[in-house]
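**Q** coords below, sequence missing:
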């Protein structure tokens, strides 16, 4: 009785164990920049031939910023990001330009001076804990139509946990009606667990509850095949092998034109994926699943 | 406790060395203190809480002769201990706080003001400076000048409350000027960012965690026994150091995580 109660305790990974066994053990501090600085990471991934979103401009100082603002209206849409921002902080999505104002995702507008102020703030470290930072503009991605049933409110993203270049767990995160375009799980995003071998969904996790149907559409979340699964997981593993970091959370998305793209690498991937995929990620759990696969 | 269990060949050697260092750091200073006790206290622990014993200790003389007040020396020596308590609450219990050092610094300041007035002071500073930040945000200022303006506000609010407290005869309130001003400024900024990005619920959760940690740290740092012990037996700081190192390799589940992963932990069977 007691032993069945505590059966899973050694399989679940806690924050302390993650930091000691994985982050400190497999991600040498001198290489963490590749994940913490998105521009450095993109460079490394590009060099290894891993597909990433196209960088439209790199903004290192105010002069770069002013130059970018001159041509920004003609770009149509773009995403402006801080290189060292954490958890989606400081990202501005611009959908277009009309009557002297940028149209932002989510319905707001913004004058060019507002965007310039945001860029200067980014350069001075508003989103990187006070350290000088760079900003960059990326092409705007369009959600792949085959994900339409699983995602209602915008671009879904796939999180893959890798250990030494091999995938250990995966989940799809999608914005929902109530999450204002955000896919973050603690901000109302829906997490969908995925079985690595088959690429079939194993159910959803939304607002700390397990779900078997999409909260907005009622679409089933159990046993659905993820589109382009092999290609996605292969891209994630190639990205993991392109950098000298052993333990990573790799974020990918699928663009309508370009297919799977790696958006971000994380050296301290969150633990919530265990709840989403209903599977533990402790060293012991990973070792036993490896034995079973062999 | 569950420590690192990796099994690479030189790992076991490292573990042995690490454990020996930690055990030595924890044990030796305690042994030294116990050996010095008869001489320092006449073998009577209860004498520790008596002011004359504290005053008579040679180190206390050294401090006061060097122009360091006994109170200041005591707070300095208690800070690492308070931080150890905060560490336990974060890494073993799993509470989350605003800032790493804020709780222990405020707990130290609360030794002068009293816990209630400290909480009142924090709330007042957060509210005033928060309002000012809201106004500054609309002016679209650069980050550093904005932080400067916030710092000015925090100083003004603290001085205002302190002098008002003194005029009204509220002694605890008048000591508010001992608050860690710079850290508070950063905290106001963090707090405002948390409200903006994660919403009010998350902010309240962080604030509750912070207040609980301040309260517990305060309780520990106010214990007369500990306050006197660190001055008379400062070698005990090495014990604190050893415990901090040990916590650095603690890889067990945090109590809060048992709640967070309860569906996994108490499930019949979990895939892996």
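**A** Now that the structure is in, tell me what you want to look at. Keep in mind that what you see is a predicted model, and the values were worked out from it rather than measured.
**Q** Quick check: the gap between residue A:109 and residue B:249.
**A** Note on residue A:109: its distance to residue B:249, by C-beta to C-beta, to the nearest Å, is 52 Å. For the C-beta atoms, the positions are set from N, CA and C on the backbone; glycine is no exception.
**Q** ok, now residue A:136?
**A** For residue A:136, the distance to residue B:249 (C-beta to C-beta) stands at 38 Å.
**Q** the more surrounded of those two?
**A** When neighbours are counted by other C-beta atoms under 10 Å in any protein chain shown, residue A:136 and residue B:249 differ, and residue A:136 comes out ahead with 22 against 17.
**Q** Tell me the predicted confidence for the closest residue to that one other than its chain neighbours.
**A** Closest residue to residue A:136 apart from its sequence neighbours, by C-beta to C-beta, 6 or more residues apart in numbering or on different chains: residue A:58 at 5.0 Å. If you check residue A:58, the pLDDT there is 96.
**Q** how about the helices in chain A?
**A** A:2-5, A:15-17, A:24-26, A:33-36, A:38-47, A:62-71, A:112-123, A:229-241, A:273-277, A:283-293 (DSSP state H).
**Q** List the buried residues in the last one.
**A** Taking 16 or more other C-beta atoms under 10 Å in any protein chain shown as the neighbour-count basis, helix A:283-293 is seen to contain the buried residues A:283-286, A:289.
**Q** Surely the residue nearest to residue A:136 is in contact with residue A:80?
**A** No. Under the criterion of C-beta atoms under 8 Å, residue A:58 makes no contact with residue A:80, lying 11.6 Å away.
**Q** between these two, what contacts are shared?
**A** residue A:136 (C-beta atoms under 8 Å, 6 or more residues apart in numbering or on different chains).
**Q** Neighbour count: the two, which is higher?
**A** Ranked by neighbour count (other C-beta under 10 Å), residue A:58 and residue A:80 place residue A:80 first, with 24 against 14.
**Q** So which of the helices of chain A is nearest residue B:102?
**A** helix A:15-17 (19.9 Å; C-beta to C-beta).
**Q** So which residues make contact with the closest one?
**A** A:271, A:282-283, B:2, B:91, B:94, B:250-254, B:257.
**Q** residue ranges with poor pLDDT in the chain?
**A** With no chain named, the answer covers chain A. Applying pLDDT under 70 to chain A flags the ranges A:1-7, A:153, A:180-181.
**Q** hmm, I had chain B in mind actually
**A** Chain B contains residues with pLDDT under 70 at B:1-9, B:43, B:45, B:49-53, B:268-272.
**Q** In space, what's closest to the residue nearest the centre of it - neighbours in sequence excluded?
**A** In chain B, the centroid-proximal residue (C-alpha atoms, centre = their mean) is residue B:104; its distance is 2.0 Å. Excluding the flanking residues, the one nearest residue B:104 by C-beta to C-beta, 6+ apart is residue B:82, at 4.2 Å.
**Q** where's the one you found relative to chain A, distance?
**A** For residue B:82, the distance to chain A equals 21 Å [C-beta to the nearest C-beta, to the nearest Å].
**Q** how about the residues of chain A that lie near chain B?
**A** Counting by C-beta under 8 Å from any C-beta of the partner chain, chain A comes close to chain B at A:4-5, A:7-9, A:11-12, A:14-17, A:20-21, A:25, A:89, A:114, A:117, A:120-121, A:124-126, A:130, A:186-187, A:210, A:271, A:274-275, A:277-280, A:283, A:285-286, A:288-289.
**Q** mind listing what residue A:173 touches?
**A** Counted by C-beta under 8 Å, 6+ apart, residue A:173 has contacts A:156-159, A:183-185, A:189-192.
**Q** What of residue A:144?
**A** Contacts of residue A:144 by C-beta under 8 Å, 6+ apart are A:227-228, A:254-256, A:259.
**Q** out of those, who has the most neighbours?
**A** The residue in those with the most neighbours, by other C-beta under 10 Å, is residue A:254 (25 neighbours).
**Q** Kindly state the beta-bridge partners for that residue.
**A** residue A:260 (DSSP bridges).
**Q** what are the ranges of the helices in chain B?
**A** For chain B, applying DSSP H gives helices covering B:9-41, B:51-56, B:58-65, B:70-88, B:102-113, B:115-138, B:143-167, B:171-174, B:181-221, B:224-232, B:236-248, B:255-260, B:262-265.
**Q** contacting residues around residue B:230?
**A** When contacts are counted by C-beta under 8 Å, 6+ apart, residue B:230 touches B:74, B:77-78, B:81, B:236-237.
**Q** could you redo the last one with a cut-off of 6 Å?
**A** Neighbouring residues of residue B:230 by C-beta atoms under 6 Å, 6 or more residues apart in numbering or on different chains: B:77-78.
**Q** now swap in residue A:57 and tell me
**A** A:68, A:137.
**Q** what sits opposite it in the beta ladder?
**A** residue A:137.
**Q** Please, where are all the strands along chain A?
**A** Using DSSP state E, the strands assigned to chain A run over residues A:55-59, A:78-82, A:92-98, A:101-104, A:109-110, A:135-139, A:157-163, A:166-174, A:190-194, A:200-206, A:209-211, A:222-225, A:247-255, A:259-266.
**Q** Quick one: neighbours of residue A:198, just the number.
**A** 12.
**Q** Identify the residue nearest residue 78 in space, chain neighbours excluded?
**A** As the question left the chain open, I've gone with chain A. Distances taken as C-beta to C-beta, 6+ apart put residue A:137 closest to residue A:78, at 4.6 Å, once the chain neighbours are dropped.
**Q** hmm, I had chain B in mind actually
**A** Sequence neighbours aside, residue B:221 is the residue nearest to residue B:78 in space, at 4.8 Å (criterion: C-beta to C-beta, 6+ apart).
**Q** Would you confirm that that neighbour contacts residue B:76?
**A** No. Between residue B:221 and residue B:76 there is no contact under C-beta atoms under 6 Å: 11.5 Å.
**Q** ok, residue A:195 - contacts?
**A** residue A:202.
**Q** that older thread, just want to know which of residue B:221 and residue B:76 has more residues nearby.
**A** The neighbour comparison of residue B:221 against residue B:76 (other C-beta under 10 Å) goes to residue B:221, with 22 against 16.
**Q** Residue A:133 reaches residue A:125, doesn't it?
**A** Yes. Using C-beta under 6 Å, residue A:133 is in contact with residue A:125, at 5.3 Å.
**Q** These two: which is more packed in?
**A** Taking other C-beta under 10 Å, residue A:133 and residue A:125 do not tie; residue A:133 has more neighbours (23 against 16).
**Q** What number of residues are in the vicinity of residue B:251?
**A** There are 21 residues near residue B:251, going by other C-beta under 10 Å.
**Q** Please apply the same query to the one 10 residues further on.
**A** Look at residue B:261: counted by other C-beta under 10 Å, it has 24 neighbours.
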